[in-house]
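Asks: Turn this into a structure:
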Amino acid sequence: MSYLSRMEIPSGLSSLRRQQARWVCAGTLAAATSLYAASPFFTLWSITSAIRAHDMGSLNTTLKWDTVRSSLKNQVVDGLIGPTHADDELPEFGSSFASSAVSNAIDEEVRPDRLGNLVDHLMPHEQVAAPMGVPAMVGMLGRVHMHFTHPGVFEASVIMPGHENETPLRLQMRIHGFQWKIHSVGLPAPRQQPLIEASAGPVPQRVTQP
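Replies: Here you go, the predicted structure:
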């Protein structure tokens, strides 16, 4: 073997090692991306399991309480008095009083030590404790819609039993401290009926041929 052929061996090994390093980096990136994409689904599964087991301690760790309360306040206030208009310089006394009352009530009721009562109110115990067979799982998945709205924001909506004629329950999750947490909650509400337009003009008359 000549000196030139002996020099080609280290070059080939170096190229092979660089190729292996690229494959390792690509594999690591693909695995990390897949794990990240699957992580909110696992969080939703753990939330569902905690609700069915009535494990309020585990469920409490998945809630970002301050933002959840804020989202509920906005939803309830908008449902009572409607959204605040930008051209309103000063809200009316009644609206201000209602907003304060709603805010105080939510601060009092939506807290970790009352989480069990909130879950029981939203989802009766007989529905939570019902056996979850394959048909029930398929039916539940058919009522759930999940998707990323942003790399760090994941939303899920589910039609709640007994609220089929209302809007779905909506959960928005965001990452807080390397953990997906429920950031806001949209409660089921009556669906808005389409407006029926009517014309006040004269009724057109049929044209008759002579």
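
Asks: what does stretch 109-120 rub up against?
Replies: When contacts are defined by C-beta atoms under 8 Å, 6 or more residues apart in numbering, stretch 109-120 is touched by residues 51, 54, 56, 59, 60, 63, 65, 68, 69, 72, 128. C-beta here means a position set from N, CA and C on the backbone, and glycine is covered the same way.

Asks: which among those residues end up buried?
Replies: 51, 56, 59, 63, 68, 69, 72, 128 (16 or more other C-beta atoms under 10 Å).

Asks: tell me which of the residues you listed is nearest to residue 181?
Replies: The nearest member of these to residue 181, counting by C-beta to C-beta, is residue 63 at 6.4 Å.

Asks: What residues does that closest one make contact with?
Replies: 112, 115, 181, 182.

Asks: Okay, the closest residue to the last one other than its chain neighbours and residue 96: tell me how far apart.
Replies: Closest residue in space to residue 182, ignoring its immediate chain neighbours: residue 63 at 5.1 Å, by C-beta to C-beta, 6 or more residues apart in numbering. Between residue 63 and residue 96 the distance, using C-beta to C-beta, to the nearest Å, works out to 29 Å.

Asks: Same question for residue 191.
Replies: Residue 191 is 29 Å from residue 96, by C-beta to C-beta.

Asks: related to what we said a few turns ago, among the contacts of residue 63, name the buried ones.
Replies: 115, 181, 182.

Asks: List the beta-bridge partners for the last one.
Replies: If I follow you right, that is residue 182. For residue 182, the beta-bridge partners under DSSP bridges are residue 63, residue 173.

Asks: isn't it right up against residue 175?
Replies: No. Applying C-beta atoms under 8 Å, one finds residue 182 not in contact with residue 175, separated by 11.7 Å.

Asks: what about residue 45, how many neighbours?
Replies: Counted by other C-beta atoms under 10 Å, the residues lying close to residue 45 total 10.
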